[in-house]
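Trainee: here are the coordinates; sequence isn't available:
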């Protein structure tokens, strides 16, 4: 760590601020689609939204850049890292492997309270789908996955899943364009919960694999539409 970085961190500690916590809040906002792939992030807007100082924001941006969630172009500042089709498939391949492990861990050692919390989040996700409110759906699904990884009781595993979800979360409301998908998605999570309550890790893994397979097809279609909208916006701006 160089002297300039040490000095900045001393300022942050003196102000009682945590850049790490701020980076997590910004990551949550990206996961829930407040900031979409390609969106530019300005220090001023982040300071206002999160009631944070500029040194805190700069350090949080540095941390998120290190995680690969942001990309910083010279003379343009930070932006949410885009996802192309190849990256989409790569992220899904890694995510399903991590979630299979999380499902098995949850079934093997999750507590009854954690199972009840997961059940409550599934119900909230279902209510959000009924509302057809995109922001509410993304937020509810974020909390659903938080309850899921909490049950695995493995924070390292949970953090890897969170990072991937932050890259893919902007697609979480895409099921609204497919009439049967919302109810199907809820059923898949109830099937997962049932296997966890039965302490059946193999069935829990099968349930999360099925959920990912179906979500992947819907998500890929949504990504294609998102990219088309962004190209159209860029064309109008040009």
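Mentor: Nice, thanks for sending it over. Keep in mind the model is a prediction, meaning the values are calculated, not measured.

Trainee: tell me which stretches of the chain form strands.
Mentor: 70-73, 77-80 (DSSP state E).

Trainee: could you dump those to CSV with mean pLDDT and distance to residue 37?
Mentor: Where C-beta positions appear, they are placed from N, C-alpha and C, glycine not excepted. Formatted as CSV, these follow (pLDDT from 0 to 100; distance: least, Cβ to Cβ, whole Å):
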stretch, mean pLDDT, distance to residue 37
strand 70-73, 91, 10
strand 77-80, 94, 5
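
Trainee: looking at those, which is closest to residue 174?
Mentor: strand 77-80 (17.5 Å; Cβ to Cβ).

Trainee: what's in contact with the closest one?
Mentor: Residues outside strand 77-80 that contact it (Cβ atoms under 8 Å, 6 or more residues apart in numbering) are 30, 35-42, 61, 64-65, 69-73.

Trainee: tell me who's in contact with the nearest residue in space to residue 29 that is not next to it in sequence.
Mentor: By the measure of Cβ to Cβ, 6 or more residues apart in numbering, the closest residue to residue 29 outside its immediate chain neighbours is residue 35, 5.8 Å from it. Counting by Cβ under 8 Å, 6+ apart, residue 35 touches 26, 29, 41, 80.

Trainee: what distance do you get for the second one to residue 42?
Mentor: In other words, residue 29. 14 Å (Cβ to Cβ, to the nearest Å).

Trainee: out of these two, which sits in the more crowded spot?
Mentor: Set residue 29 next to residue 42 and count neighbours by other Cβ atoms under 10 Å: residue 29 wins out with 18 against 11.
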